[in-house]
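Colleague: I would like the atomic coordinates for the input below:
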Amino acid sequence: MPRATKEQSEITAQRIREVATELFAEYGYASVGLEVVAANAEVTRGAVYHHYRNKQTLFEAVAAAAQQQVANAVTTAAEATADPWDGLVAGCRAFLTASVTDTHRRILLLDAPAVMGWSTWRSQDAAASGHHLAEAVADLAAAGHLEVTSPEATAALLSGAMNEAALRIAEATDREAALAETWPDLLRLLNGLRPTPSPA
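Modeller: A predicted model of the protein is given here:
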């Protein structure tokens, strides 16, 4: 495929995915047909099928992109701090905040587990935000900033807790209030992993 044609194809695929993201986020997976995606993206239905085998394949691409956007928010927040512990805390807060935005909440938390299946949803999460969390926990444990038996198990526990918290916030009528009441308890869980200071 000539370079210009390949680039145009990639632009079209991205356009379809971006339009589908907007539609899935607003109306939900079940209410969006591929003909609606095609019309809003100003392409033929055949073009949609050329890039994405079916609606579920398109949704999986949308969800993967959304997972990466959440992971990017986590990384940006963590890297904005100088202290590794503060980076973990900032990254966890960013995960909750980014996961429950209007764009991500329905796609990642309400529709994705049912549409893609729990295994695929978990794999996407593990490859994105979960990967950064596992790295941060392992690094902090190795440096003596966490008192844990298994960094891998600890990362899994934290990931499960935060995903459940994000789901609860996403389903709340007032998401800002739900986040405000959830965060202090998550912070207590994180602080509980820190080594107990030795008596003077």
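Colleague: contacts for stretch 167-183 next, please.
Modeller: 93, 96-97, 99-100, 105-106, 109-110, 165 (Cβ atoms under 8 Å, 6 or more residues apart in numbering). (Glycine included, C-beta is placed from N, CA and C.)
Colleague: quote the end-to-end distance of it.
Modeller: 13 Å (Cα to Cα, to the nearest Å).
Colleague: ok, the nearest residue to residue 67 once chain neighbours are set aside - contacts?
Modeller: The shortest distance from residue 67 to any non-neighbouring residue, by Cβ to Cβ, 6 or more residues apart in numbering, is to residue 128 (3.9 Å). Going by Cβ under 8 Å, 6+ apart, residue 128 touches 64, 67-68, 70-71.
Colleague: okay, residue 128 and residue 54: tell me how far apart.
Modeller: Separation of residue 128 from residue 54 (Cβ to Cβ, to the nearest Å) stands at 23 Å.
Colleague: give me the neighbour count for the nearest residue to residue 104 once chain neighbours are set aside.
Modeller: Leaving aside its chain neighbours, residue 104 sits nearest to residue 66 (5.2 Å; criterion: Cβ to Cβ, 6+ apart). Counted with other Cβ atoms under 10 Å, the neighbours of residue 66 add up to 24.
Colleague: buried ones in whatever helix or strand residue 66 lives in?
Modeller: Residue 66 belongs to helix 55-79 when assigned by DSSP states H and E. Buried residues in helix 55-79, defined by neighbour count with 16 or more other Cβ atoms under 10 Å: 55, 58-67, 69-71, 73-75, 77-78.
Colleague: next helix or strand past it?
Modeller: Beyond helix 55-79 toward the C-terminal end (DSSP H and E), the next one is helix 84-99.
Colleague: what's that next one packed up against?
Modeller: Where contact means 3 or more Cβ pairs under 8 Å, 6 or more residues apart in numbering; DSSP states H and E, helix 84-99 is packed against helix 55-79, helix 129-142, helix 151-171, helix 175-191.
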